[in-house]
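Asks: predicted model and sequence follow; I will ask about them next.
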Amino acid sequence: MTSKTIATALFCALSLFTIHSQAQQRHIDVDVNRVQGPLNKTFNMAVGAGRANEGLRADWQQQLADIKRDAGFRYIRMHGLLSDDMGVYRVDARGNELYNFQYIDALYDYLLSIGIKPFVELGFMPAAMASGDKTIFWWRGNVTPPRSYEKWGKLVKALTDHWTERYGADEVATWYFEVWNEPNLDGFWAGTQQEYFKLYTAAAQAIKSVNPKYKVGGPATAGAAWIPEMIDYCHRNGVPLDFVSTHTYGVNQGYLDEYGTTGTVLSPDHGAISNDVEKNRKEIAASAMPNLELHYTEWSSSYTPADPTHDSYHQAAYILQKLKQVGNTAQSMSYWVFTDIFEEPGPRFEAFHGGFGLMNTQGIKKPAYFAYQFLNRLAPHELDNADKQSIATTDGKGNVQVLLWDYTYTLPPKTNNQQYFIRDLPAQGKGQVEVDLKGLKPGSYTLATSQVGYRQNDAFTAYVGMGSPRQLTIRQVKDLKAAATGKPSQQKRMRVGADGRLHLSLPLRENDVYLLELNRNR
């Protein structure tokens, strides 16, 4: 090798090092006096739950109270409100139709007592009203059309009348009524699209006959489907439609893989989730009803209740990334679901099994839980901020919050989620993130730093370190809960000088999440 070749090689190596070093430096610059507007609260408009009957369990109710306190969810949606295990409908020996709303009352009374409103999903079909015996899930939700659409409408009207009498019209007018779940999938609806529209029409007219102010919508489809068709049908036929709803998940293959046996693959597409939302918004804008609300009543990284992405520390950054990308394109993004007390495939035998929940069955908080908790700790006013993976807010009283994250896709090629995310996965370093705040009032502050990431509020990695026991002892549950509290890892006093500036430098790893809370000392 000649001296000229060596010099060229060294120059190229130095150039690559410089480029790499620059790539590792990330700056977040925020002027606390530059308010962009109100913080978009799409993130905690609604959350999902498995089925209505599970909501009668004490542990389910306690977990919901915890997450209401920490994440502030305002609505909850669940399957099976009209299924036989809720005891809603039967026909006696003389052919008389009997309605019974006692179980629903117990559930809804509890929801409202803790400040959560129902996002009502009307389904599935009571067996005594069903046209067939096709069911879905371990708990056998009947997915066939009604034998009589008139009787279906009468049931919906009777229930809506009951709620109006029990809770008052003003309260019920704040709810959302959604008809059925994923009727575009054969497993969830044994009828055709036109039969779904007929089901929807009967329900919508029944609800509006009680009070025209009540909000009703659908089609609650999988995969962002049927939105133009739904709007067109309702517009042409004069059927009430106050909002449209659908679902999306961030994986590329499979369907209803309840035990994760076929393997799901997290989508590497930068626009996964957000592309669907944007597509639907454009479809609404181009329709005859361009001002309809858009609600995503289910979303997550995966539609499989046995996908370890849900348990992994990667999920916290994933949630924040997707919510940031969606912005205010939808009126709600309802995460599916808040708890692993979720029995579509039957009761689970494992403590961590890749369940949908933000908490596991024992109430151990997963990293995903803290994404929502941290979002809920942001102040009402969002600040201008060019960084794509952070949100900065202020309360207008001198206190500032910066929520920042790194989302890095780490799934290796030709590997599925069930093979990869079940392991101890140390995070690679991403250099430093520099946070510069200006416009602060001079004086004393307290900075609280909270973190989610590898071995930071990361109960699943701690569980893997225990040997991934199928079931947990009392001591193990206590230890895992103690490892994932969401409390600040550091608090320290800071002084802002006359220039009103504060500089912070933080080490950043793949899929780290930081919440910085800077509060003025009075």
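Replies: Yep, that arrived.
Asks: need the contact partners of stretch 490-502.
Replies: Stretch 490-502 is contacted from outside by 436-449, 518, 521, using Cβ atoms under 8 Å, 6 or more residues apart in numbering. (C-beta placed from N, C-alpha, C; glycine too.)
Asks: between the two ends of it, how far is it?
Replies: Across its full length, stretch 490-502 reaches 17 Å between end residues, using Cα to Cα, to the nearest Å.
Asks: got it, and stretch 459-470?
Replies: One end of stretch 459-470 sits 15 Å from the other (Cα to Cα).
Asks: show me what contacts the residue nearest to Gly123 when sequence neighbours are not counted?
Replies: Spatial nearest neighbour of Gly123, chain neighbours left out: Trp180 (4.7 Å); criterion: Cβ to Cβ, 6 or more residues apart in numbering. Trp180 sits next to Glu121, Leu122, Gly123, Phe124, Phe188, Trp189, Tyr196, Leu199, Tyr200, Gly218, Pro219, Ala220 when contact means Cβ under 8 Å, 6+ apart.
Asks: do that again at 10 Å, thanks
Replies: Neighbouring residues of Trp180 by Cβ atoms under 10 Å, 6 or more residues apart in numbering: 79, 121-125, 143, 188-189, 191, 196, 199-200, 203, 218-221.
Asks: now swap in Asn521 and tell me
Replies: For Asn521, the contact set (Cβ under 10 Å, 6+ apart) comprises Gly443, Ser444, Tyr445, Thr446, Arg493, Met494, Arg495.
Asks: how about a cut-off of 6 Å?
Replies: When contacts are counted by Cβ atoms under 6 Å, 6 or more residues apart in numbering, Asn521 touches Ser444, Thr446.
Asks: how far away is the nearest residue to Lys279 once chain neighbours are set aside from Phe352?
Replies: With sequence-adjacent residues excluded and distances taken as Cβ to Cβ, 6+ apart, Lys279 is closest to Ala224, at 6.0 Å. Using Cβ to Cβ, to the nearest Å, Ala224 is found at 30 Å from Phe352.
Asks: and the two? Which one has more around it.
Replies: Between Ala224 and Phe352, counted using other Cβ atoms under 10 Å, Phe352 has the larger neighbour count: 25 against 18.
Asks: my guess is that one meets Ala462, correct?
Replies: No: Phe352 sits out of contact with Ala462 when judged by Cβ atoms under 6 Å, with a separation of 10.3 Å.
Asks: list the buried residues in stretch 195-215.
Replies: Residues 195-208, 210, 214-215 are the ones in stretch 195-215 that count as buried (16 or more other Cβ atoms under 10 Å).
Asks: as CSV, could you dump the C-alpha coordinates of it?
Replies: Provided in CSV are the C-alpha atoms of stretch 195-215 (Å, rounded to 0.1, in the frame of the first residue of the first chain):
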residue,chain,number,x,y,z
GLU,A,195,-76.3,-7.6,6.2
TYR,A,196,-73.9,-5.6,8.4
PHE,A,197,-75.3,-2.4,7.0
LYS,A,198,-78.8,-3.7,7.8
LEU,A,199,-77.7,-4.5,11.4
TYR,A,200,-76.2,-1.1,11.7
THR,A,201,-79.3,0.7,10.4
ALA,A,202,-81.6,-1.1,12.9
ALA,A,203,-79.3,-0.2,15.8
ALA,A,204,-78.6,3.4,14.7
GLN,A,205,-82.3,4.1,14.2
ALA,A,206,-83.1,2.6,17.6
ILE,A,207,-80.6,4.7,19.4
LYS,A,208,-81.6,7.9,17.7
SER,A,209,-85.3,7.2,18.4
VAL,A,210,-84.4,7.5,22.1
ASN,A,211,-82.4,10.7,21.7
PRO,A,212,-81.2,12.3,18.4
LYS,A,213,-78.2,13.7,20.2
TYR,A,214,-76.7,10.3,21.0
LYS,A,215,-73.6,9.5,18.9
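Asks: and that stretch, how far out from the chain's middle?
Replies: 27 Å (Cα atoms, centre = their mean, to the nearest Å).
Asks: neighbouring contacts of that stretch?
Replies: Residues contacting stretch 195-215 (Cβ under 6 Å, 6+ apart): 122, 145, 149, 152-153, 156-157, 160-161, 164, 169, 173, 176-177, 179, 183, 216, 218, 233, 239-240, 242.
Asks: and for Ala106, the neighbour number?
Replies: A count of nearby residues for Ala106, using other Cβ under 10 Å, gives 12.
Asks: which residues of this protein fall in helices?
Replies: Taking DSSP state H as the test, the helices found in the chain are 3-24, 58-71, 102-113, 149-167, 169-172, 193-210, 227-237, 274-285, 314-326, 367-376, 417-420, 459-465, 474-482.
Asks: need the contact partners of the last one.
Replies: Residues external to helix 474-482 that are found in contact with it (Cβ under 6 Å, 6+ apart): Gln362, Ile364, Ala459, Ala462.
Asks: excluding its backbone neighbours, what's nearest the residue most central in space within the chain?
Replies: Centroid-nearest residue in the chain, with Cα atoms, centre = their mean: Tyr335, separated by 1.7 Å. Spatially, and ignoring its direct neighbours in sequence, Tyr335 is nearest to Val47 (5.4 Å; Cβ to Cβ, 6+ apart).
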